[in-house]
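# Pasting the sequence and the predicted coordinates here, then a few questions.
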Amino acid sequence: MMKVSKQYKYQAIADDIKTEIFSKHMKGNSPLPSIRQYAVKYGVTSNTIVSALHLLRNNKIIYPHRTKRYCVVADIEERRLAIANELIQQLITDIKKIGFTEQEISKIIQQ
């Protein structure tokens with residue numbers, strides 16, 4: 001049976017902000033826009049944005065700074081690589097679940 005998961009608005013916003021951080025290659029310690037700016041951008045309440053930012057903080061992508069709002073963690077490139085490795089491992093695990101061997105997976109990757 002396939003797992004279906006509902007994604008809440010704050011999770012989608014957190015994913016979007018994470019993509020923004022990584023795709024723009026923001027430098028460590030760079031400040032993010034304010035909660036109010038994000039609320040306007042996404043058309044949601046500030047509480048929804050706070051939930052999204054807490055999710056990113058818990059995933060060690062951002063940290064709260066008392067004078068500069070939320071900032072990108074200093075070691076963001078290392079974090080980016082760690083997330084990529086986690087995703088690759090999860091993908092390999094999922095592919096094995098549908099019956100592929102490590103050799104077959106290796107062949108697929110090389111193509």
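Nice, thanks for sending it over. Note that the structure is predicted; figures quoted are calculated from it, not measured.
# Report the distance from the worst-scoring helix or strand of the chain on mean pLDDT to the chain centre.
For the chain, scoring each helix and strand by mean pLDDT, DSSP states H and E identifies helix 102-110 as the least confident one, at a mean of 89. Mean-position distance between helix 102-110 and its chain equals 27 Å (C-alpha atoms, centre = their mean, to the nearest Å).
# List every C-alpha atom in that helix, with coordinates, as CSV.
These are the backbone C-alpha positions of helix 102-110, laid out as CSV (Å, rounded to 0.1, in the frame of the first residue of the first chain):
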residue,chain,number,x,y,z
GLU,A,102,23.0,-2.7,-5.9
GLN,A,103,24.6,-3.6,-9.3
GLU,A,104,21.4,-2.7,-11.2
ILE,A,105,21.1,0.6,-9.3
SER,A,106,24.8,1.3,-10.1
LYS,A,107,24.1,0.6,-13.8
ILE,A,108,21.1,3.0,-13.8
ILE,A,109,23.1,5.7,-12.2
GLN,A,110,25.9,5.4,-14.8
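# Report the buried residues of the helix with the most length in the chain.
Here the longest helix in the chain is taken by residue count, with DSSP state H as the criterion, and it is helix 76-97. By neighbour count on 16 or more other C-beta atoms under 10 Å, the buried set for helix 76-97 is 76, 79, 95. (C-beta placed from N, C-alpha, C; glycine too.)
# Show me what the least confident helix or strand of the chain is packed against.
Packing partners of helix 102-110 (3 or more C-beta pairs under 8 Å, 6 or more residues apart in numbering; DSSP states H and E): helix 76-97.
# can you state the direction angle for the helix it packs on and helix 102-110?
130 degrees (axes from the mean of the first three to the mean of the last three C-alpha atoms, to 10 degrees).
# Convert the C-alpha atoms of helix 76-97 to CSV, please.
C-alpha atoms of helix 76-97 as CSV (Å, rounded to 0.1, in the frame of the first residue of the first chain):
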residue,chain,number,x,y,z
ILE,A,76,25.2,25.8,4.8
GLU,A,77,27.3,24.2,2.1
GLU,A,78,28.1,21.2,4.4
ARG,A,79,24.4,21.0,5.3
ARG,A,80,23.4,21.1,1.7
LEU,A,81,25.8,18.2,1.0
ALA,A,82,24.5,16.3,4.0
ILE,A,83,20.9,16.7,2.8
ALA,A,84,21.9,15.5,-0.7
ASN,A,85,23.5,12.4,0.8
GLU,A,86,20.4,11.7,2.9
LEU,A,87,18.2,12.0,-0.2
ILE,A,88,20.4,9.7,-2.2
GLN,A,89,20.4,7.1,0.5
GLN,A,90,16.6,7.3,0.8
LEU,A,91,16.3,6.9,-3.0
ILE,A,92,18.6,3.9,-3.0
THR,A,93,16.6,2.3,-0.2
ASP,A,94,13.3,3.0,-2.1
ILE,A,95,14.7,1.5,-5.3
LYS,A,96,15.9,-1.6,-3.4
LYS,A,97,12.3,-2.0,-2.1
